[in-house]
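Peer 1: Just the structure for this:
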Amino acid sequence: MSLLQQHWKTLSISLTDAILTISMNRPKANAMSPELLNELIHAFNQASNDNKIKGVLLRSNLRHTFVQWPNNFFQLRIFLLSSSTFSAGADLSTVYNLSIARQRAVIDNFVFETLSRGMTAPLHCSKPVACSLDGHTIAGGLMLALSCDYIAMGTRKPFRIGITGPIVGIPYPLKAVKLVQHQLEPQLGYRFLVDANLVSSNDFPIRCERSETPDDLARKWLKMISERPLKGFQITKQKWWSDVIELDSKDNEKEKQEYFEAVTSDECMQAMKKALNKDTK
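Peer 2: Now for the predicted structure:
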């Protein structure tokens, strides 16, 4: 069954002029539930194997009225619901519920398989992938954007970019750390991962093109790349990401145990619970 014929619960899929558009469409800030992550993996895998597809545009369908950024971290998830959002990262309720259950195998599968592969699905795609970034991009959402071959940054309204997991004590797997090291200036990346900094899109010092209409900019880039022979691009892309991709084949038992101990600690679970309770008020 083709991509266009399938029923997608968290994505909207369209194909125009050989460019596949994947729009994330999961209410409540495109938080990365297992369902959204698995659909991203499936969509990008199929795009890789479909000769009719020459490139992929990744974007968000969540567009809302812009409001002032909150000062309190625990207002973050509420704020994201009323603002333009690319993705708020891993679904905190999923991580919390898995931590409460203390099922090591289930946590390992979600974090080191589903989440790891879902948020890096674009870098595994054999086709060029452009990201239209026009809303708040947090934690795993930032990893997803950094996994793309090209980023078009929206300028219509400023939005926030950064990593928040460390505030509630959630560490990041080695693959995510390597991705940040790979794509961002070292000091900025370290500050994101340790301080949980959030910066304005106006001040985000990544090398990308900017426009009030980032979708159009991303499609323009994809059209340019798709008119070239694909094999050369694929070889370059594979070499560029080789040090990150090779981590998928390594089963790091020590890292998994460390992650499990961190997220199931009393301090971390209390911090996650507090954040989730603020979300419901």
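Peer 1: Looking at stretch 117-131 now, give me its mean pLDDT.
Peer 2: Taken as a whole, stretch 117-131 has an average pLDDT of 97.
Peer 1: Now find how far off-centre it is within its chain.
Peer 2: Centroid separation for stretch 117-131 versus its chain: 10 Å, with CA atoms, centre = their mean, to the nearest Å.
Peer 1: Give me the next element, helix or strand, following the helix or strand bottoming out on mean pLDDT in the chain.
Peer 2: Using mean pLDDT, DSSP states H and E, the weakest-scoring helix or strand in the chain turns out to be helix 76-81, at a mean of 46. Beyond helix 76-81 on the C-terminal side, the first helix or strand identified by DSSP states H and E is strand 85-87.
Peer 1: mind listing what that following strand pairs with, with the direction of each?
Peer 2: Sheet pairing here is set by DSSP bridges, and for strand 85-87 it gives strand 136-138 (parallel).
Peer 1: And the contacts of the partner strand?
Peer 2: Strand 136-138 has contacts (CB atoms under 8 Å, 6 or more residues apart in numbering) with 29, 76, 80, 83-89, 145, 159-164, 198, 201. All C-beta spots, glycine's among them, are computed from the backbone N, C-alpha and C.
Peer 1: and if we set it to 7 Å?
Peer 2: 80, 83, 85-89, 145, 159-162, 164 (CB atoms under 7 Å, 6 or more residues apart in numbering).
Peer 1: All the strands of this structure, residue numbers only.
Peer 2: 11-16, 19-24, 55-60, 85-87, 129-133, 136-138, 150-154, 160-162, 198-200, 209-211 (DSSP state E).
Peer 1: Dump those strands into CSV; add mean neighbour count as well.
Peer 2: Listed next are the strands of the chain as CSV, based on neighbours: other CB atoms under 10 Å:
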stretch, mean neighbour count
strand 11-16, 15
strand 19-24, 22
strand 55-60, 26
strand 85-87, 28
strand 129-133, 27
strand 136-138, 29
strand 150-154, 23
strand 160-162, 22
strand 198-200, 15
strand 209-211, 15
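Peer 1: Looking at the ones you listed, which is nearest to residue 222?
Peer 2: Between residue 222 and these, the tightest spacing by CB to CB is seen for strand 55-60, at 3.7 Å.
Peer 1: So which elements touch that closest one?
Peer 2: Applying 3 or more CB pairs under 7 Å, 6 or more residues apart in numbering; DSSP states H and E, we find strand 55-60 packed against strand 19-24, strand 85-87, strand 129-133, helix 214-226.
Peer 1: Show me the contact partners of that strand.
Peer 2: In this structure, residues lying in contact with strand 55-60 by CB under 7 Å, 6+ apart are 19-24, 30, 47, 85-87, 122, 125, 127-132, 135, 148, 215, 218-219, 222, 225-226.
Peer 1: relative orientation of it and strand 11-16 in degrees?
Peer 2: Here the directions of strand 55-60 and strand 11-16 differ by 140 degrees (axes from the mean of the first three to the mean of the last three CA atoms, to 10 degrees).
Peer 1: Would you list the strands that strand 55-60 pairs with, along with their directions?
Peer 2: Here strand 55-60 is paired, per DSSP bridges, with strand 19-24 (parallel), strand 129-133 (parallel).
Peer 1: The ones you listed: which one's closest to residue 103?
Peer 2: Of all those, it is strand 19-24 that lies closest to residue 103, at 27.5 Å by CB to CB.
Peer 1: can you give me the offset of the closest one from its chain's centre?
Peer 2: 14 Å.
Peer 1: So for residue 73, what's the pLDDT?
Peer 2: Looking at residue 73, the pLDDT reads 46.
Peer 1: To clarify, my last question referred to residue 205.
Peer 2: Residue 205 is assigned a pLDDT of 84 by the prediction.
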